[in-house]
Each structure stands twice: as C-alpha cells, then as structure tokens.
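Visitor: build the 3D model from these lines:
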Amino acid sequence: MNKKSKNPLSTFENDLQKMQTILEDIESNELNLEETIEKYKLGIELSKRCQKALEEAQQKIKIVSNEQKK
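Guide: This next block holds a predicted model:
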C-alpha cells in the first residue's frame with residue numbers, strides 16, 4: 001500500500017504520536033549524541049509532513065466554507 005491510499009487524518013495522528021515518542025526519547029537523556037541527532041532529523045521530517053497536512057486541511061476548509069457562502 002502506498003502513502004497516497006492512507007487516511008490523511010490517521011497518518012497525521014500517527015506522525016504526531018511518533019513525534020511525541022521521539023521527544024520523550026530525546027528528553028530521557030538515554031541516547032548518545034548520534035542517536036539524538038538521528039531522532040531529531042526524523043522529528044523534523046515528521047514535523048514537515050504534519051505542517052503540510054495541516055496546510056492541506058486548511059485549504060479544504062476554505063473551499064468548503066466558500067461553497068457554503070454561495
């Protein structure tokens with residue numbers, strides 16, 4: 001199954017959960033520097049995906065709102 005066929009809301013929520021786990025891992029101080037950097041990079045990528053999903057949702061809401069005004 002490719003990413004396009006997934007439920008966007010489910011993917012967004014999963015990415016948020018992964019980011020929370022990464023944050024907890026980093027804050028635990030149990031990772032070495034290399035592991036911390038790798039987790040940080042993954043967190044940045046997840047953050048970008050979440051931001052994109054939010055922007056897409058915002059556009060959809062604008063479209064629906066504009067249709068309701070007609």
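Visitor: center of this structure, which residue is that?
Guide: In the chain, the C-alpha nearest the mean C-alpha coordinate belongs to Cys50, at 2.9 Å (C-alpha atoms, centre = their mean).
Visitor: name the residues of the helix or strand hosting that residue that come out as buried.
Guide: Counting by DSSP states H and E, the element that carries Cys50 is helix 33-69. Buried residues in helix 33-69, counting neighbours by 16 or more other C-beta atoms under 10 Å, are found at Lys39, Gly43, Leu46, Arg49, Cys50, Ala53. Where you see a C-beta, it was placed from the backbone N, CA and C, and this is true even at glycine.
Visitor: please tell me I have it right and Pro8 contacts Leu54.
Guide: No. Pro8 is beyond contact range of Leu54, at 10.4 Å (criterion: C-beta atoms under 8 Å).
Visitor: show residues contacting stretch 24-42.
Guide: Here stretch 24-42 makes contact (C-beta atoms under 8 Å, 6 or more residues apart in numbering) with Lys18, Ile22, Gly43.
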